[in-house]
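In: A predicted structure for the sequence below; I have some questions about it.
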Amino acid sequence: QVRLVESGGGLVQAGGSLRLSCAASGRTFSSAVMSWFRQAPGKEREFVAGIRWTGVITYYADSVQGRFTISGDNAKNMVYLQMNSLKPEDTAVYYCAGRRTYTATTYAYAPAYDHWGQGTQVTVSS
């Protein structure tokens, strides 16, 4: 059974930083892409950042470009999200997700992901 576990969320003031971690486990787990999504109350789940292991290519939503950095270690099944210059609008539950295949048109499409973590709350106060 594949399991993704996020950690590192919390409460931070605007302008502060947080680092989220995602640990993947399971004998059958392998991924082409690992990503972070977030969901704020009353809003749809949205793509934040992704990393494609082949070539170590990263992708970002426009709203976090230049402030967030995704990284990871495929061999260790770990993915991180460094979040700097946080804003109140970044407040959400952040989810780690993995998928076995990559396509250029769907890497930001939540239903295309095979595995999800339980989420970790990030709250940014103004």
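Out: That came through, no problem.
In: So the residue positioned nearest the centre of the chain versus residue 53, what's the distance?
Out: Central residue of the chain (Cα atoms, centre = their mean): residue 36, 1.6 Å from the mean position. For residue 36, the distance to residue 53 equals 15 Å [Cβ to Cβ, to the nearest Å]. Just so you know, the C-beta spots here come from the backbone N, C-alpha and C atoms, and that holds for glycine as well.
In: Repeat that for residue 45.
Out: Applying Cβ to Cβ, the value for residue 45 to residue 53 is 22 Å.
In: cool, residue 42 as well?
Out: Distance of residue 42 to residue 53, given as Cβ to Cβ: 34 Å.
In: Compare those two and say which is more crowded by neighbours.
Out: Remark: of residue 42 and residue 53, residue 53 carries more neighbours, 16 against 5, as counted by other Cβ atoms under 10 Å.
In: Just give the number of residues close to the residue nearest to the more buried one when sequence neighbours are not counted.
Out: Distances taken as Cβ to Cβ, 6 or more residues apart in numbering put residue 74 closest to residue 53, at 4.6 Å, once the chain neighbours are dropped. Residue 74 has 16 neighbours, counted by other Cβ under 10 Å.
In: which stretches of this protein aren't confidently modelled?
Out: Within the chain, the stretches with pLDDT under 70 are 28.
In: would you list every one of the strands in it?
Out: Along the chain, counting by DSSP state E, strands occupy 3-7, 10-13, 18-25, 33-39, 46-52, 57-60, 68-73, 78-83, 92-99, 115-116, 120-125.
In: wait, residue 115 sits on residue 22?
Out: No - contact criterion Cβ atoms under 8 Å: residue 115 and residue 22 do not qualify, at 10.3 Å.
In: ok so, going back, any idea how far residue 62 is from the residue nearest to residue 53?
Out: For residue 74 relative to residue 62 (Cβ to Cβ), the value is 26 Å.
In: do the same with residue 51
Out: Separation of residue 51 from residue 62 (Cβ to Cβ): 17 Å.
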